[in-house]
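Asks: I need the structure of the sequence given here:
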Amino acid sequence: MKRHRNVKIVATLGPASNDYKMIRALHEAGADVFRLNMSHGDHEEIRARHEIIRQVEKDLDSPIAILADLQGPKLRVGVFANGEEELVEGAAFRLDLDDAEGDVNRVKLPHKEIFDALEPGAHLLVNDGKIKLRVKDCGRDFADCEVVVGGTISNRKGVNVPDVTLPLAALSEKDRKDLEFVCELGVDWLALSFVQRPADVEEARALAKGRAAILSKIEKPNAVKSFDEILKVSDGIMVARGDLGVELPVHAVPPIQKQLIRKSRAAAKPVIVATQMLESMIESPMPTRAEVSDVANAIYEGADAIMLSAESAAGDFPIEAVSTMNNVAGEVEHDPTYTKIIEASRMTDGQTVADGIVSAAREIAETTNVKAICCFSQSGTTALLVSRERPRVPIVAMTNQVDTARRLCLSWGTNCVVTGPVDRFKDAVIAAVRGATSLKLATKEDMVVITAGVPFNTPGSTNILRVAPCDERLIFPAEAD
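Replies: Next comes the predicted model:
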């Protein structure tokens, strides 16, 4: 399905988007990737949604990426005898491992790993940062704190520990089971929560065994500090602004978002901007002006994809939310300022033969009357490099691997086409012009740029470029009958 925009839209599925009719409508409205949130729904519900997506894909003959978002460790306080208590600024409050129900003076924090890592002066944030505690004294089974910001604390509220690296793996036992389940199911991307260090990503990759690409969610201060190393071992990045805005000052999040987008793009790895993009549309058919500006800014910054969470999963207006994102993207990308910003921020991590080929393809396409860049990609690497260039003409990503086509649905500007096996460059050229014309990106009177790697079926071997007419009779005239 050809889109009239380059940035991709990720829509989370949930109770509001749970059947064939709605999922198909979301895809037709603009959703390129569907997110399965493993924090909600059992395996049978996840399986049912996966099957519906694949049926929509088949019915519309349109590759769709499926992203499974693993829950990660959940740090929560215990329960209170009265259900909740009011903590007052300046008061003392203890966190410990005692099983007794909590009161205004203390509550259980059933995570020994936190106590092992805490030091005096560290902060703990409870209930999305609404309550702030500062550690005054701590040991292996307790932390005596001062209430810095008070408020109501109640049963099983979440805890964030922004100042220390916790000795916790990013994958809980539940995550390991979920990972194996969704990999066997056939998802295309795994979103990894609670990433603190490159080893977290490498552990997930070892378990996935190549069955899904690994996308690291950047939601903790330590992930920001170690981002360059995390990026190297990841296939993609999600800027998870919700937890980032809890564990870091909210005013620090916008520049971090911009930095992560630019670094991800330079590395030719897709990057999603997520959380609260159109949150008011959970209950309203119209977004706020500030939300529209937030979506637009992520697009101006060069993000590969923008994401809806509760808006499409549990909101009253899921189709309207996707349509709004689609319309904002179309408007921004037609703005001449957008092209100037994107081209001014063009950069690469290195200069290989493949980098030179795709850069030349983009320059040829933009300085001549070429209508599209067609790239053959076994593993997706060539298409990712072309996407990084952010060309002014459409990208046709050609592959004989269905899973590669699906994964590329997350990458900026890619129109994915599954071809038959290609062993000769002549076949590649013919398949490219057919792909461009079938998507109505070019006519028989037009020209396209084609990039590929010879020998074929060798990942990362991009080494050839050709400008070809879309009229097959003119491609190899010496061989014409």
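Asks: so where do the helices sit in the stretch 151-300 of the chain?
Replies: 173-185, 198-208, 221-225, 227-233, 241-247, 253-266, 289-300 (DSSP state H, counting those that start in this stretch).
Asks: what's the average pLDDT for the fifth one?
Replies: Right, the one you point to is helix 241-247. Per-region confidence: helix 241-247 scores 91 on mean pLDDT.
Asks: any buried residues in that helix, and which?
Replies: Judged by neighbour count using 16 or more other CB atoms under 10 Å, the buried positions of helix 241-247 are 241, 243, 244, 245, 246, 247. The C-beta positions use only the backbone N, C-alpha and C, and glycine is treated the same way.
Asks: show me the shaky parts of the stretch 251-400 of the chain.
Replies: Across the stretch 251-400 of the chain, the ranges flagged by pLDDT under 70 are 348-350.
Asks: next up, phi/psi of the residue nearest to residue 431 when sequence neighbours are not counted, please.
Replies: Closest residue to residue 431 apart from its sequence neighbours, by CB to CB, 6 or more residues apart in numbering: residue 419 at 4.8 Å. Residue 419 adopts backbone torsions of phi -110, psi 170, taken as degrees, to the nearest 10.
Asks: who are the contact partners of the residue nearest the centre of the chain?
Replies: Centroid-nearest residue in the chain: residue 272, 3.7 Å away (criterion: CA atoms, centre = their mean). Residue 272 sits next to 10, 215, 236, 237, 238, 239, 303, 304, 305, 306, 307, 410 when contact means CB atoms under 8 Å, 6 or more residues apart in numbering.
Asks: again, but for residue 292
Replies: 324, 328 are the contacts of residue 292 under CB under 8 Å, 6+ apart.
Asks: distance of it relative to residue 281?
Replies: 10 Å (CB to CB, to the nearest Å).
Asks: mutual contacts of the two, please.
Replies: Common neighbours of residue 292 and residue 281, counting by CB under 8 Å, 6+ apart, are residue 324.
Asks: so which residues of the stretch 1-150 of the chain form strands?
Replies: For the stretch 1-150 of the chain, the strands defined by DSSP state E, counting those that start in this stretch cover 8-13, 33-37, 65-69, 84-87, 92-96, 106-108, 123-126, 131-138, 142-149.
Asks: what sits up against the fifth one?
Replies: Meaning strand 92-96. Defining contact as CB under 8 Å, 6+ apart, one finds that strand 92-96 is touched by 77, 87, 104-109, 124, 133, 136, 141-147.
Asks: what about 6 Å?
Replies: Applying CB atoms under 6 Å, 6 or more residues apart in numbering, the external contacts of strand 92-96 come out as 87, 106, 109, 141, 142, 143, 144, 145, 147.
Asks: just stretch 228-241 next, same as before
Replies: Taking CB under 6 Å, 6+ apart as the rule, stretch 228-241 contacts 191, 198, 201-202, 213-219, 253, 257, 260, 264, 267, 269-275.
Asks: 7 Å - rerun?
Replies: Contacting residues not belonging to stretch 228-241 are listed as 189, 191, 195, 198, 201-202, 213-219, 223, 253, 257, 260, 263-264, 267, 269-276, 410 [CB atoms under 7 Å, 6 or more residues apart in numbering].
Asks: could you report the neighbour count for the closest residue to residue 184 other than its chain neighbours?
Replies: Among residues not flanking residue 184 along the chain, residue 211 sits closest, at 7.8 Å (CB to CB, 6+ apart). Around residue 211 there are 17 other residues, counting by other CB atoms under 10 Å.
Asks: please apply the same query to residue 337.
Replies: 9.
Asks: can you check residue 284 too?
Replies: 15.
Asks: same check on the one 5 residues further on?
Replies: Burial measure for residue 289: 8 neighbouring residues, criterion other CB under 10 Å.
Asks: where's it relative to residue 278, distance?
Replies: Taking CB to CB, one finds residue 289 at 12 Å from residue 278.
Asks: is it true that residue 450 touches residue 464?
Replies: No: counting by CB atoms under 7 Å, residue 450 stays clear of residue 464, with 8.2 Å between them.
Asks: off-centre distance for the longest helix seen in the chain?
Replies: Ordering each helix of the chain by length in residues (DSSP state H) puts helix 43-60 first. The chain centroid and the centroid of helix 43-60 are separated by 20 Å under CA atoms, centre = their mean, to the nearest Å.
Asks: burial measure for the residue nearest to residue 431, as a count.
Replies: For residue 419, using other CB under 10 Å, the count is 18.
Asks: and the one 10 residues further on, by the same measure?
Replies: When counting by other CB under 10 Å, one arrives at 22 neighbours for residue 429.
Asks: which SS state does it fall under?
Replies: Secondary structure, DSSP: H, G, I helix; E, B strand; the rest coil: residue 429 is helix.
Asks: can you pull the contacts of it?
Replies: 450, 466, 468, 475.
Asks: what's the pLDDT at the third one?
Replies: pLDDT recorded at residue 468 is 92.
Asks: may I have the one helix or strand it maps to as PDB, with CA atoms only?
Replies: Counting by DSSP states H and E, the element that carries residue 468 is strand 462-469. Only the C-alpha atoms of strand 462-469 are listed here, as PDB (Å, rounded to 0.1, in the frame of the first residue of the first chain):
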ATOM      1  CA  THR A 462      25.900  -3.000  -2.200                       C
ATOM      2  CA  ASN A 463      28.300  -2.200  -5.100                       C
ATOM      3  CA  ILE A 464      26.400  -1.400  -8.200                       C
ATOM      4  CA  LEU A 465      24.200   1.500  -9.500                       C
ATOM      5  CA  ARG A 466      22.200   1.900 -12.700                       C
ATOM      6  CA  VAL A 467      19.800   4.400 -14.100                       C
ATOM      7  CA  ALA A 468      17.200   2.600 -16.200                       C
ATOM      8  CA  PRO A 469      14.100   3.400 -18.200                       C
END
